[in-house]
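[1] Predicted model follows, preceded by the sequence.
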Amino acid sequence: PFMPFLSISVSKIRVIQSVVLGRNYAVESSVGGVFWEQVVPPFIANSESLTNEFDVEQTGRLFRIIELPQ
């Protein structure tokens, strides 16, 4: 009586950041790319690769990393 179909729902997203050791960063997220909010406290990189996992219902699906002044 109907065509089979599927839907995909993303609940979590893994964000991998490539950074420079010793520099100060903030990770921000957005739902629509206009308003951005920090999702982790600002940090000084102690590794060149950092990974975080976020719940997209709480953070949105868009992410960016910005370097903060020292």
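    Everything's here; your move.
[2] tell me the centre residue of this structure?
    The residue lying closest to the centre of the chain (C-alpha atoms, centre = their mean) is residue 63, at 4.0 Å.
[3] Give me the contact list for whatever helix or strand that one lives in.
    Per DSSP states H and E, residue 63 falls inside strand 62-68. Strand 62-68 has contacts (C-beta atoms under 8 Å, 6 or more residues apart in numbering) with 13, 15, 17, 19, 23-33, 36, 39, 42, 54. For the C-beta atoms, the positions are set from N, CA and C on the backbone; glycine is no exception.
[4] do that again at 10 Å, thanks
    13, 15, 17-20, 23-34, 36, 38-40, 42-45, 50, 52, 54, 56 (C-beta atoms under 10 Å, 6 or more residues apart in numbering).
[5] Out of those, list just those in strands.
    Using DSSP state E, the members of the contacts of strand 62-68 that fall within strands are 13, 15, 17-18, 24-30, 38, 43-44, 50, 52, 54.
[6] The least confident helix or strand in the chain by mean pLDDT - contacts with which helices or strands?
    Least confident helix or strand of the chain, by mean pLDDT, DSSP states H and E, is helix 56-59 with a mean of 92. Helix 56-59 is packed against strand 12-18, strand 24-30, with contacts defined by 3 or more C-beta pairs under 10 Å, 6 or more residues apart in numbering; DSSP states H and E.
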